[in-house]
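Peer 1: for reference, the sequence and a predicted model appear below.
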Amino acid sequence: MTTRQVEHEIVIEAPADAVYRLIAEVDNWPRIFPPTIYVDHLERGDGEERIRIWATANGQAKNWTSRRTLEPRERRIGFRQEVSAPPVAAMSGTWIIEALSDTRSRVRLLHDYRAVDDDPEGLRWIDEAVDRNSRSELEALRSNVELAHAAEELTFSFEDTVQVAGSVKDAYDFVNEADLWAERLPHVASVRFSEDTPGLQSLEMDTRAKDGSTHTTKSYRVTFPHHRIAYKQVTLPALMTLHTGYWTFEENEEGAAVSSQHTVTLNTDNIARILGPDATVADAREYVRNALSTNSRATLGHAKDHAESRRR
């Protein structure tokens, strides 16, 4: 069996402890690492954890479960895929963060992997995916840490909620069945939807704006029936460098509370071009929030009508 061992590294202008914390906290990975769609904790123990990761590799969405060993004093994080997705037969590795000075650190990312049946084509595919994703992850990590002070102003989250006098399942089904949105939602002009792996969806749609124009977005969605649908947008409007979010469905005495949450990072390079030379970051925040909230509230309203009509 052929085991490939590769290493990638990058120098980051930030303290080693801060870099370690950022890598250790997987909840923020969809914001930090471009390939990551969503991460879910399955188990947490003393210095060990099991996580399930959904991510893209060479343009395809995959998911796997990994075990991680956390060593904060040594600033090392080991990881091993429990059950890998073909063509990967086995994958493990280590993050190592080394202090170069009080304000500078080196991050090393090591991988060991094998292809199913030692297939040369499969190994070549993994080589390309690991190289592309490692470079992307390390560069994104560097950018995220070094621009952390600016990101606090540029990254924000918000949520819209409706109360539904109907069942959680019916409300969930409406949001889950995005392949029907062009028929069900007036602001959606067309949809390209696929779910080749159960619970992992690809959703591309053309959305109508108030001025009649349409824009295209693509997202990957991870579904947890019947309580959560998490997503990451991978084609973004000009005013955003990041858009992640989730729909939640909670049963209560009146029926169900259904929420749409968004987390956004603004693209400051395009504010003047889109909103005019005098526009500020605050203007961009308001514009983006209104645009996303308008569509979310419309979808929530139709989900509410759908669930309540089925109860009647």
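Peer 2: Perfect, I can see it now.

Peer 1: tell me where the stretch 151-300 of the chain has strands.
Peer 2: 155-164, 188-197, 200-208, 214-224, 228-235, 240-252, 255-266 (DSSP state E, counting those that start in this stretch).

Peer 1: list the buried residues of the third one.
Peer 2: Just to be clear, that refers to strand 200-208. 200-205, 207 (16 or more other Cβ atoms under 10 Å). For every residue, glycine as well, the C-beta is placed using N, CA and C.

Peer 1: ok so, going back, using CSV, please lay out the strands of the stretch 151-300 of the chain together with distance to residue 144 and mean pLDDT.
Peer 2: Listed next are those as CSV, based on distance: least, Cβ to Cβ, whole Å; pLDDT from 0 to 100:
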stretch, distance to residue 144, mean pLDDT
strand 155-164, 10, 96
strand 188-197, 28, 94
strand 200-208, 25, 93
strand 214-224, 20, 94
strand 228-235, 15, 96
strand 240-252, 10, 95
strand 255-266, 10, 96
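
Peer 1: and stretch 36-43, how far from the chain's centre?
Peer 2: Put simply, stretch 36-43 sits 10 Å off its chain's centre (Cα atoms, centre = their mean, to the nearest Å).

Peer 1: got a list of contacts for it?
Peer 2: 26-27, 29-30, 49-56, 61, 65, 220, 222, 230-232 (Cβ atoms under 8 Å, 6 or more residues apart in numbering).

Peer 1: hmm, try it at 6 Å
Peer 2: 26, 29-30, 50-55, 220, 222, 230, 232 (Cβ atoms under 6 Å, 6 or more residues apart in numbering).

Peer 1: closest to residue 141 among the residues you listed?
Peer 2: residue 29 (10.0 Å; Cβ to Cβ).

Peer 1: and that closest one, what element?
Peer 2: Here residue 29 sits within helix 29-32, counting by DSSP states H and E.

Peer 1: residues of the very next helix or strand once past that helix that come out buried?
Peer 2: Next in sequence after helix 29-32, counting helices and strands by DSSP H and E, comes strand 36-44. Residues of strand 36-44 classed as buried: 36-40 (neighbour count, 16+ other Cβ under 10 Å).
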